[in-house]
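Engineer: build the 3D model from these lines:
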Amino acid sequence: MKGTMDDDELKNLKIDKVIDTRGTAYPVPLLETRKSMAEVPKGAILEVISYDPNTNDDIPIWANKAGHEYLGTIDFTGYCGIFVRNGGW
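Structural biologist: Numbers count the residues shown, from 1 in each chain. Take a look at the predicted model:
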């Protein structure tokens with residue numbers, strides 16, 4: 001799923017909260033993302049660090065269904081950073 005920002009834009013974002021889910025597999029990264037999103041204010045940006053390949057699909061789909069904005073993903077060596085803006089409830 002294509003985000004709204006390119007890698008350079010994502011690298012320059014002010015991140016409000018980072019969650020590192022490396023070492024976990026589905027469904028933990030998605031569950032941790034949902035929990036963390038509830039803890040940040042509307043408009044805040046969450047970065048999810050993961051190496052579970054399912055996370056790259058699950059979080060953008062969940063974010064769009066839940067009213068959040070999936071901004072994009074940066075692929076690093078061995079893991080990725082997934083960026084989501086809290087759209088509020």
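
Engineer: rest of the way, CA atoms for contacts and neighbours
Structural biologist: OK.

Engineer: quick one: low-confidence ranges for this structure?
Structural biologist: 1-2, 89 (pLDDT under 70).

Engineer: what residues does the longest helix belonging to the chain touch?
Structural biologist: Determined from DSSP state H, the single longest helix within the chain is helix 53-66. Contacts to helix 53-66, defined as Cα atoms under 8 Å, 6 or more residues apart in numbering, come from residues M1, Y26, P29, L30, T33, E69, Y70, T73, C80, I82, V84.

Engineer: ok, 7 Å please
Structural biologist: M1, Y26, P29, L30, E69, Y70 (Cα atoms under 7 Å, 6 or more residues apart in numbering).

Engineer: which of the three states applies to the fourth one?
Structural biologist: Which is L30. State at L30, reduced to three classes by DSSP: H, G, I helix; E, B strand; the rest coil: helix.

Engineer: same question, the second one
Structural biologist: Secondary structure assignment for Y26 (three-state DSSP): coil.

Engineer: and it, how far is that from I82?
Structural biologist: Note on Y26: its distance to I82, by Cα to Cα, to the nearest Å, is 15 Å.

Engineer: the more surrounded of these two?
Structural biologist: I82 (24 against 12; other Cα atoms under 10 Å).

Engineer: am I right that the more buried one sits in a helix?
Structural biologist: No - in this structure, I82 is strand, not part of a helix, as judged by three-state DSSP.

Engineer: parallel or antiparallel, which strands does the helix or strand just after the longest helix of the chain pair with?
Structural biologist: Using DSSP states H and E, the helix or strand that directly follows helix 53-66 along the chain is strand 69-76. Under the criterion DSSP bridges, strand 69-76 sits next to strand 79-85 (antiparallel) in its sheet.
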